[in-house]
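[1] build me a model from this:
(chains A and B)
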Amino acid sequence: AQKVTQAQTEISVVEKEDVTLDCVYETRDTTYYLFWYKQPPSGELVFLIRRNSFDEQNEISGRYSWNFQKSTSSFNFTITASQVVDSAVYFCALSGGSNYKLTFGKGTLLTVNP
Amino acid sequence: DGGITQSPKYLFRKEGQNVTLSCEQNLNHDAMYWYRQDPGQGLRLIYYSQIVNDFQKGDIAEGYSVSREKKESFPLTVTSAQKNPTAFYLCASSIFDEKLFFGSGTQLSVL
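    Reported below is the predicted structural model:
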């Protein structure tokens, strides 16, 4: 069975602070994919990143960066110099096997205060 | 513009009533999914379909039914057997193991 744990239910920061959202996963698949999605108050999920299990390189996209560590089964997400527009619920998700369905964590509500 | 359209945005169900949530996509994706979101619970998979005329139960299929008669459409029916239907429902589509594209969701409430 697959499982995704986002231990941080809510995080509150002040604008311009750096913030890291944690994600720990469990899977028996040798090939799998990890995702991060953002859900703003409008409700629609916005894709941020997809990483396959064979690529452990960290990735940076503007103020966003991701740290994938297979040894600890973690795929953490860091926002540098946070902004009010970053306020949202962030979901980590995992897919593996042959059916491509995603298993989601419970999400982390990030509030960035001005 | 290509995307996923869910309707209605808000829906109210009376006790004992079946209601159907619409999901249409023009992305030419083979796979489609229905997720349910409850506050603080993340997203849970209800049903998914990888090809027309075929669909599979997800983790919480009881009380729900789907059909996939056309590639573009994957409607979800919330039956009277679903005793706690109040939730936010999200439809998604994808090309096999690529990223999921999501609709804007339907909020279902019980009168």
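[2] chain A: strands as residue ranges?
    A:3-5, A:10-14, A:19-21, A:24-26, A:32-39, A:46-52, A:59-61, A:64-69, A:74-79, A:88-96, A:103-104, A:108-113 (DSSP state E).
[3] quick one: these as a markdown table, columns for mean pLDDT and mean neighbour count too.
    Placement of C-beta: from N, CA and C, glycine included. Converted to a markdown table, the strands of chain A look like this (pLDDT from 0 to 100; neighbours: other CB atoms under 10 Å in any protein chain shown):
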| stretch | mean pLDDT | mean neighbour count |
| --- | --- | --- |
| strand A:3-5 | 95 | 17 |
| strand A:10-14 | 97 | 13 |
| strand A:19-21 | 98 | 18 |
| strand A:24-26 | 97 | 17 |
| strand A:32-39 | 94 | 21 |
| strand A:46-52 | 92 | 15 |
| strand A:59-61 | 87 | 10 |
| strand A:64-69 | 94 | 17 |
| strand A:74-79 | 96 | 20 |
| strand A:88-96 | 93 | 24 |
| strand A:103-104 | 92 | 22 |
| strand A:108-113 | 97 | 17 |
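[4] can you put those strands in CSV and add distance to B:S93?
    Below are the strands of chain A laid out as CSV (distance: least, CB to CB, whole Å):
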stretch, distance to B:S93
strand A:3-5, 21
strand A:10-14, 30
strand A:19-21, 26
strand A:24-26, 23
strand A:32-39, 14
strand A:46-52, 12
strand A:59-61, 24
strand A:64-69, 24
strand A:74-79, 23
strand A:88-96, 14
strand A:103-104, 16
strand A:108-113, 25
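[5] and B:S73, which of those strands is closest to it?
    strand A:46-52 (22.3 Å; CB to CB).
[6] check the offset of the closest one from the chain's centre.
    8 Å (CA atoms, centre = their mean, to the nearest Å).
[7] kindly report the same for stretch A:102-114.
    8 Å.
[8] same question, stretch B:79-87
    13 Å.
[9] tell me the buried residues in that stretch?
    B:82, B:85, B:87 (16 or more other CB atoms under 10 Å in any protein chain shown).
[10] go on, stretch B:98-111?
    Going by 16+ other CB under 10 Å, stretch B:98-111 has these buried residues: B:99-106, B:108.
[11] may I ask which two of those residues are separated the most?
    B:K99 and B:L108 (25.6 Å).
[12] leaving aside the residues next to it on the chain, what's closest to A:N76?
    Excluding the flanking residues, the one nearest A:N76 by CB to CB, 6 or more residues apart in numbering or on different chains is A:N67, at 4.8 Å.
[13] residue contacts, that neighbour?
    A:58, A:74-76, A:78 (CB atoms under 8 Å, 6 or more residues apart in numbering or on different chains).
[14] let me know the distance separating it from B:G3.
    According to CB to CB, to the nearest Å, A:N67 stands 31 Å off from B:G3.
[15] same check, this time on B:P75
    17 Å.
[16] of those two, give the one with the bigger neighbour count.
    B:P75 (17 against 14; other CB atoms under 10 Å in any protein chain shown).
[17] ok, which stretches of chain B are strands?
    Under DSSP E, chain B gives strands at B:4-7, B:10-13, B:19-25, B:31-37, B:43-51, B:54-57, B:64-66, B:76-78, B:87-94, B:101-102, B:106-110.
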